[in-house]
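A.B. asks: fold the following for me, if possible:
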Amino acid sequence: MVGFVIWMLCSVVMVAFGIYAFFSKRIMPFGFWANAKVFEVRDVRAYNRAVGKLWCVFGFVFALLGLPLLTGQNSPYIILSIMGCMVEAIGAMVVYVTVIEKKYRVR
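C.D. replies: You can find the predicted model right below:
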């Protein structure tokens, strides 16, 4: 149960970060990659909203992937959570690079 609570707290942090990015009035774009400078963005507000949506969806799916933690300590279903997180992270990267970056990068 403790693992599930920690998992849910992590997903709440991701959703909170997405909401903050979505409603941000900052002039600077939100970074997606850790410690990497963001490319020059055409429309910062729309870019921040897109990144915010991506983080919110990531957080909700992450929360759903944590449900197998409720089945017990030695459950084999935890593999679904682990593999699902890997697939979800790769999917988020693909969406960011192929959709968001392609749409908002200044050419």
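
A.B. asks: flag every buried residue along the helix or strand in which V94 is found.
C.D. replies: Using DSSP states H and E, V94 falls within helix 78-95. By neighbour count on 16 or more other CB atoms under 10 Å, the buried set for helix 78-95 is I78, S81, G84, C85, E88, A92, V95. C-beta here means a position set from N, CA and C on the backbone, and glycine is covered the same way.

A.B. asks: also stretch 12-25?
C.D. replies: By 16+ other CB under 10 Å, the buried positions in stretch 12-25 come out as M14, V15, F17, G18, A21, F22, S24.

A.B. asks: report the distance from that stretch to the chain centre.
C.D. replies: Here the centre of stretch 12-25 is set off from its chain's centre by 10 Å, with CA atoms, centre = their mean, to the nearest Å.

A.B. asks: helices along this protein, start to end?
C.D. replies: Here the chain has its helices, by DSSP state H, at 2-22, 44-65, 78-95, 102-104.

A.B. asks: turn those into JSON lines, columns for distance to P29 and mean pLDDT.
C.D. replies: Converted to JSON lines, these look like this (distance: least, CB to CB, whole Å; pLDDT from 0 to 100):
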{"stretch": "helix 2-22", "distance to P29": "9", "mean pLDDT": "91"}
{"stretch": "helix 44-65", "distance to P29": "5", "mean pLDDT": "92"}
{"stretch": "helix 78-95", "distance to P29": "16", "mean pLDDT": "93"}
{"stretch": "helix 102-104", "distance to P29": "8", "mean pLDDT": "90"}
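
A.B. asks: can I get those in JSON lines including distance to V38?
C.D. replies: Listed next are these as JSON lines, based on distance: least, CB to CB, whole Å:
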{"stretch": "helix 2-22", "distance to V38": "12"}
{"stretch": "helix 44-65", "distance to V38": "8"}
{"stretch": "helix 78-95", "distance to V38": "15"}
{"stretch": "helix 102-104", "distance to V38": "10"}
